[in-house]
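A.B. asks: Below are the sequence and a predicted model; questions follow.
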Amino acid sequence: MILGVDIGGTKCAVIAGRVYSGSIDDTTGNASSNSNTGNTASDAIGKTAGAARGNAVNDAPCKINSAFNVEIIDKRVFPTETRRGPGHAINRIMEDLSLMMQKYETGTRKFKAIGISCGGPLDSKKGIIMSPPNLYGWDNIEITDMIEKRLGIKARLQNDANACALAEWRFGASRGYENVIFLTFGTGMGAGLIINGQLYEGANGMAGEVGHVRLEKHGPVGYGKAGSFEGFCSGGGIAQLARVRTLEALQAGKSVSFCKGIEELGSLDAKIIADAAKQGDELAIEIYKECGRYLGMGLSILIDILNPEIIVIGSIFSRSRDLLWPWAQEVIKRESLALSREVCKIVSALLGDKIGDYASLAVALG
């Protein structure tokens, strides 16, 4: 058995999982349908699951990893309440971990490790959380050392992008592949890299910050850099694009279905634009086309540099793939090297809203 801790700016979760061996059968549940529509196969994980097939640049065959499966047996969620300082949440994490150990451990069944997923920056080797922007006051928190001393179980720490990459690699869409890129494509744009079957963190754990790559001199701002990959391809970036394009339309005297006036510009977000696009709004469709083209540019760079077998994209891509993929694919076919492109599959993440739970458990597995 293993334990996981998912630390977020608004809530934390403590998860218990049971690990068992056995092959994965790719005959139950339609993984192709799940990845193409943005649906998930979370309920099948730990029992049966298939590698994702859809959205491929080419139709390479699926690969299945038969090493082990995981089943979530318990989960406790509570608000982080950052205004109360890190001590409040850490004490609650310790209490819930202790309660799960008391509930599930027996003389022969013990929890083997604890995995922690948290937004960066952090030092995964030393197990230190280093002032994440969404965790005010969490400055140089030696979280793994604290847990190990209190509970006597090995603890491991990873940033959330790497943890999600491990989760999709162990239990989801990239299971069985050796060279994998996972892209968050949510609030921001980060990457987790699996190279030759190993998580790649770089010289000091900063590998995968692909969102900071500049694609244009000007454009939406992602974490302080205009025209960056994150600026164009993130929830915040889509909202910025929407405000500019909508303001242009309104000032030109055009009607916009999802925004009645300038006073509503501040409330626009990626979901509002996606919903409008799915209803046929031409401006909303154009906004997602623009995002899709820049997604294609970013993916082309990653394909050429890292030569992955599979790229798994989460969150917004999973939910709005049909609005993004045709335009991204068009750019990829034009910009990326054919020999690299032909061996690379691009799919939606498979774990859906439960990826945070599986991410921390994947970190526990090491």
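C.D. replies: Cool, got the structure. Nothing here was measured: the structure is a model prediction, and the numbers come from that model.

A.B. asks: List the buried residues of stretch 7-17.
C.D. replies: Within stretch 7-17, the residues scored as buried using 16 or more other Cβ atoms under 10 Å are 7-9, 12-17. All C-beta atoms are positioned from the backbone trio N, CA, C, and that covers glycine.

A.B. asks: pLDDT weak spots in the stretch 201-350 of the chain?
C.D. replies: Within the stretch 201-350 of the chain, not a single segment meets pLDDT under 70.

A.B. asks: Pull out the buried residues from whatever helix or strand residue 293 lives in.
C.D. replies: Per DSSP states H and E: residue 293 is located in helix 282-306. For helix 282-306, a neighbour-count test (16+ other Cβ under 10 Å) marks 283-285, 287-303, 306 as buried.

A.B. asks: hang on, the earlier thing: I'd like to know which of the buried residues of stretch 7-17 is nearest to residue 254.
C.D. replies: Closest approach between those and residue 254, by Cβ to Cβ: residue 9, at 37.3 Å.

A.B. asks: counting contacts, what elements does the helix holding residue 293 pack onto?
C.D. replies: Here helix 282-306 touches strand 191-195, helix 229-232, helix 235-251, helix 270-278, strand 310-313, helix 316-335, helix 338-341, going by 3 or more Cβ pairs under 8 Å, 6 or more residues apart in numbering; DSSP states H and E.

A.B. asks: tilt between it and strand 191-195?
C.D. replies: Interaxial angle, helix 282-306 versus strand 191-195 (axes from the mean of the first three to the mean of the last three Cα atoms, to 10 degrees): 30 degrees.

A.B. asks: State the distance from the residue of the chain most remote from its centre to residue 238.
C.D. replies: Going by Cα atoms, centre = their mean, the residue of the chain most distant from its centre is residue 253, 39.2 Å out. Distance, residue 253 to residue 238, using Cβ to Cβ, to the nearest Å: 24 Å.

A.B. asks: Next: residue 360.
C.D. replies: From residue 360 to residue 238 the distance is 28 Å (Cβ to Cβ).

A.B. asks: more neighbours, the two?
C.D. replies: residue 360 (31 against 26; other Cβ atoms under 10 Å).

A.B. asks: Excluding residues flanking it in the chain, which one is nearest that one?
C.D. replies: residue 4 (2.9 Å; Cβ to Cβ, 6 or more residues apart in numbering).

A.B. asks: ok, now residue 90?
C.D. replies: Distances taken as Cβ to Cβ, 6+ apart place residue 146 nearest to residue 90, at 6.8 Å, with adjacent residues excluded.

A.B. asks: Likewise for residue 249?
C.D. replies: Counting by Cβ to Cβ, 6+ apart, residue 256 is the residue found nearest to residue 249 once chain neighbours are left out, at 5.3 Å.

A.B. asks: list the contacts for the most centrally placed residue in the chain?
C.D. replies: Centroid-nearest residue in the chain: residue 184, 3.5 Å away (criterion: Cα atoms, centre = their mean). Applying Cβ atoms under 8 Å, 6 or more residues apart in numbering, we find residue 184 in contact with 160-161, 164, 190-191, 314-315.

A.B. asks: Equivalent analysis for residue 201, please.
C.D. replies: Residues near residue 201 by Cβ under 8 Å, 6+ apart: 124, 162, 207-208.

A.B. asks: Would you mind splitting the protein into its domains for me?
C.D. replies: 2-22+66-173+352-365, 180-348 (automatic domain parsing).

A.B. asks: Can you give me the end-to-end span of the first one?
C.D. replies: With Cα to Cα, to the nearest Å as the measure, the first residue of domain 2-22+66-173+352-365 is 8 Å from its last.

A.B. asks: same question, stretch 265-272
C.D. replies: One end of stretch 265-272 sits 11 Å from the other (Cα to Cα).

A.B. asks: so how far is it from its chain's centroid?
C.D. replies: Its chain's C-alpha centre and that of stretch 265-272 lie 21 Å apart, by Cα atoms, centre = their mean, to the nearest Å.
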